[in-house]
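Enquirer: predicted coordinates and the sequence they were generated for:
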Amino acid sequence: MGYNDVYANWQKDPEAFWMEAAEAIDWDRKPTKALDDSNAPLYEWFSDGMVNTCWNAVDRHVENGRGEQTAIIYDSPITHTKREISFVELRNRVATLAGALRKKGIEKGDRVIIYMPMVPEALEAMLACARLGAVHSVVFGGFAAHELAVRIDDAKPKAIIAASCGLEPGRVVHYKPLLDGAIDQATHKPDFCVIFQREQEVAELTPGRDVNWHGFQYGVEPAECVPVEGNHPAYILYTSGTTGQPKGVIRATGGHLVALNWTMKNVYNVDPGDVFWAASDVGWVVGHSYICYGPLIHGNTTIVFEGKPVGTPDPGTFWRVISEHKVKSFFTAPTAFRAVKREDPKGEYLKKYDISCLKTIYLAGERADPDTINWAHDLTGLPIVDHWWQTETGFAIAANPMGIEPLPIKVGSPSVAMPGYDVQILDEAGNQMKPGELGAIAIKLPLPPGTLPGLWNAEERFKKSYLNTFPGYYETGDAGMIDEDGYLYIMARTDDVINVAGHRLSTGAMEEVLASHPDVAECAVIGVSDPLKGQLPVGFMCLTKGVNRPHEDIVQESVSLVRDQIGPVAAFKLAVIVDRLPKTRSGKILRATMVKLADGEEFKVPATIDDPAILDEIKDALQTIGYAK
């Protein structure tokens, strides 16, 4: 069956489609139906089934004779460590950790915050919670104390599992003082904290509260898997809300298992036993779905990588890992490839490695600009598949379904809607728009299994954030269009569509043009307030390593490019060259913060920012063109 047949099958009978997909999961009690719509617009999937995530991700592979297969490859160029953990070893480690947590009082429904770097123990902590039916909430390691405190007060964890430190190239990030500070600030106090001591920094334990990861597991009875209802929360993952109050996205257990398992073959085209690598972090949704759960549920080997695309030690690190560990499918963010491209534009480092094992490269996390896609494709000769999804959805809304039928790649589009998603482009009044017209991207309800059924303890906020703008639809917050062939184009966040003298223009389209300039490694375009035209676009450009032409020439050429390709209507005249762009730790450019900076508005420095000092550099650059006074 080709993509059109599979999608039509889902459209014709969504219930049968998802019940069939659910057959691939081990249930303690099979669900009698897929969708529960009795409380619409709040939907639930497989709610009367009983199931355990850890069993499906670990134990069943041991039971089915795959125990000796490698489950996790740990590769840390920062510590010069490599380690392989088989499924049987993973089961034993997770069962023992779960037994120790149970002995300390952790039960089904209890929340546990995990505050860990990219080490296998982070996955073991997630799986141990899942084994007991406890609800984990992973907070990105090294997150500021205040932000961790906000999450402690919202999730009210009975326990926190943390590491003594994280490691960045050339520095140690001290987790324990951040954790202590967060607990001091938080109104809610955990019963206990488990500290995984790393040899790079052994933290002092707080008497009466902290226990040592290894010590507290000594001599305990391993825990069996606890079956939970299909609608039982598997985890809470906080995504930064626009109000500064984080939104706790809930993932329900049954739909999570079914959807992720389905995607591993149909989207990523891997079979059980293949090596799959998502170069992300367990603190983000990609880490949950495609470092920990998706690959393990499907019986793949997953890679836990502690390093960076450049600087650990060089821009060849991705190619080394792929070559050494025989990676078949590789998933990263466009920003990672832009970093590699900036340091090694001609791909000299790739020549050192044999990456013939690699079949496909997947990009997601932000818009993949055509220039980066073309560069990666020209370098590797491989399909570069952009796909689009969100923390809220947990897996791809739109993708090129490589395991069903590889579709022609249209550079700049994440291809087509996946089964489960009826994607539509709406105008401000909620009317459907014609092919090629720019509008708000919305998804007809119900969303598929594995997507968020709601926000933690915030039903009204869930409706206000996602359901109220377009009744009967989920509002994605992204703007774009669908072409005549059904390919989706994500042009910008809805608030990145700017209005220049009455013309609605996408900053993403302008970024695409700027990125095509041979000297530009990375760029961002924002809309700043203008008394005459309402808004004007401003471009920020980072140059490729080794470029030493006069900056004013590059700026002039870039302005001309935008005028040529988008037209004078864009009123694009302002551009500056900067060393770097302000980003979140997951690589998203903080455009909304840049807008506030330009317009002189008050703003809160986002908790997810990688390096707050960059904002001062951006402010200086804006002042050279008369903004950010």
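Expert: Nice, thanks for sending it over.
Enquirer: use CA for all of it now, contacts and neighbours both
Expert: Fine.
Enquirer: looking at the chain, which helix or strand is least sure?
Expert: strand 503-506 (a mean of 74; mean pLDDT, DSSP states H and E).
Enquirer: tell me which strands that strand pairs with, and in which orientation.
Expert: Here strand 503-506 has these sheet partners by DSSP bridges: strand 497-500 (antiparallel).
Enquirer: what does the strand it pairs with rub up against?
Expert: Under the contact criterion CA atoms under 8 Å, 6 or more residues apart in numbering, strand 497-500 has outside partners 479, 504-507, 527, 533-537, 569-571.
Enquirer: run the last query once more with 6 Å
Expert: Strand 497-500 is contacted from outside by R504, L505, S506, G527, K533, G534, Q535, using CA atoms under 6 Å, 6 or more residues apart in numbering.
Enquirer: now swap in stretch 253-271 and tell me
Expert: Counting by CA under 6 Å, 6+ apart, 22, 45-46, 230-234, 294, 298, 401-404, 449-450 sit against stretch 253-271.
Enquirer: now for E107: which residues touch it?
Expert: Counting by CA under 6 Å, 6+ apart, E107 has contacts A134.
Enquirer: can you check M402 too?
Expert: Applying CA under 6 Å, 6+ apart, we find M402 in contact with V267, N269.
Enquirer: quick one: the least confident helix or strand of the chain to chain centroid distance?
Expert: Its chain's average C-alpha position is 28 Å from that of strand 503-506, according to CA atoms, centre = their mean, to the nearest Å.
Enquirer: what does stretch 513-520 give?
Expert: For stretch 513-520 - counting by CA atoms, centre = their mean - the centre lies 26 Å from the chain centre.
Enquirer: same question, stretch 455-462
Expert: Relative to its chain's centre, stretch 455-462 lies at 21 Å (CA atoms, centre = their mean).
Enquirer: then stretch 366-380?
Expert: Worked out by CA atoms, centre = their mean, stretch 366-380 lies 19 Å from the chain centre.
Enquirer: residues near the residue lying closest to I384 once chain neighbours are set aside, how many?
Expert: In space, and not counting its chain neighbours, I384 is closest to I361: 5.0 Å by CA to CA, 6 or more residues apart in numbering. Summarising burial for I361: neighbours were counted as other CA atoms under 10 Å, giving 22.
Enquirer: just to check, I361 is in contact with V327?
Expert: No - counting by CA atoms under 6 Å, I361 stays clear of V327, with 10.3 Å between them.
Enquirer: from the contacts of stretch 253-271, which land in helices?
Expert: A22, G294, H298 (DSSP state H).
Enquirer: element containing the nearest residue to the last one once chain neighbours are set aside?
Expert: Closest residue in space to H298, ignoring its immediate chain neighbours: N261 at 5.4 Å, by CA to CA, 6+ apart. Using DSSP states H and E, N261 sits within helix 253-266.
Enquirer: strands of the stretch 301-450 of the chain, residue ranges please.
Expert: 301-305, 327-332, 360-363, 384-386, 398-399, 416-417, 423-426, 439-444 (DSSP state E, counting those that start in this stretch).
Enquirer: single out the most deeply packed of the ones you listed.
Expert: strand 384-386 (a mean of 28; mean count of other CA atoms under 10 Å).
Enquirer: which of the residues in stretch 424-433 are buried?
Expert: Q424, I425, L426, G430, M433 (16 or more other CA atoms under 10 Å).
Enquirer: mean confidence for that stretch?
Expert: Across stretch 424-433, the average pLDDT comes to 95.
Enquirer: for stretch 580-600, same thing?
Expert: Here the average pLDDT along stretch 580-600 is 89.
Enquirer: okay, how far is it across that stretch, tip to tip?
Expert: Counting by CA to CA, to the nearest Å, you get 21 Å between the two ends of stretch 580-600.
Enquirer: list the buried residues of it.
Expert: 580-599.
Enquirer: tell me where the model's unsure across the stretch 151-300 of the chain.
Expert: 240-244 (pLDDT under 70).
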